[in-house]
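J.: sharing a model that was predicted from the sequence below.
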Amino acid sequence: MNTRTVTAHIPVELAEQVDAYASKLERPRGWIVKQALQDWISLEERRHQMMLEGFKDIAEGRVHDQEEIEAWAAGLE
């Protein structure tokens, strides 16, 4: 696998947390950062997909008005 170095300035406290987890997990600091970036990208891709699904629902008329939502929420109590 080809790799590339990415440099970022992060707050000292965050860097210390990364170092602490790297030590705790007996992994290199870069492994922790790589995992965090992969997880963040996966989350953002899922959010985007959900947004597109929501837009499709709206375009196809699958919506509920405020009163329906409030009635549903009241039933949760």
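T.: Great, that's in hand. Residues are numbered from 1 along each chain as shown.
J.: check which residues of the strand or helix carrying Glu53 are buried.
T.: Element membership for Glu53 (DSSP states H and E) is helix 29-59. Using 16 or more other C-beta atoms under 10 Å as the test for burial, helix 29-59 gives Ile32, Val33. Bear in mind the C-beta positions are built from the backbone N, C-alpha and C, glycine included.
J.: who does that helix touch, helix- and strand-wise?
T.: helix 12-25 (3 or more C-beta pairs under 8 Å, 6 or more residues apart in numbering; DSSP states H and E).
J.: what residues sit buried inside the helix it packs on?
T.: For helix 12-25, by 16+ other C-beta under 10 Å, it's Val18, Ala22.
J.: counting by contacts, list what that helix packs against.
T.: Applying 3+ C-beta pairs under 8 Å, 6+ apart, we find helix 12-25 packed against helix 29-59.
J.: how about low-confidence regions in the chain?
T.: Low-confidence regions of the chain, defined here as pLDDT under 70, do not occur.
J.: and the gap between Glu67 and Glu60?
T.: 21 Å (C-beta to C-beta, to the nearest Å).
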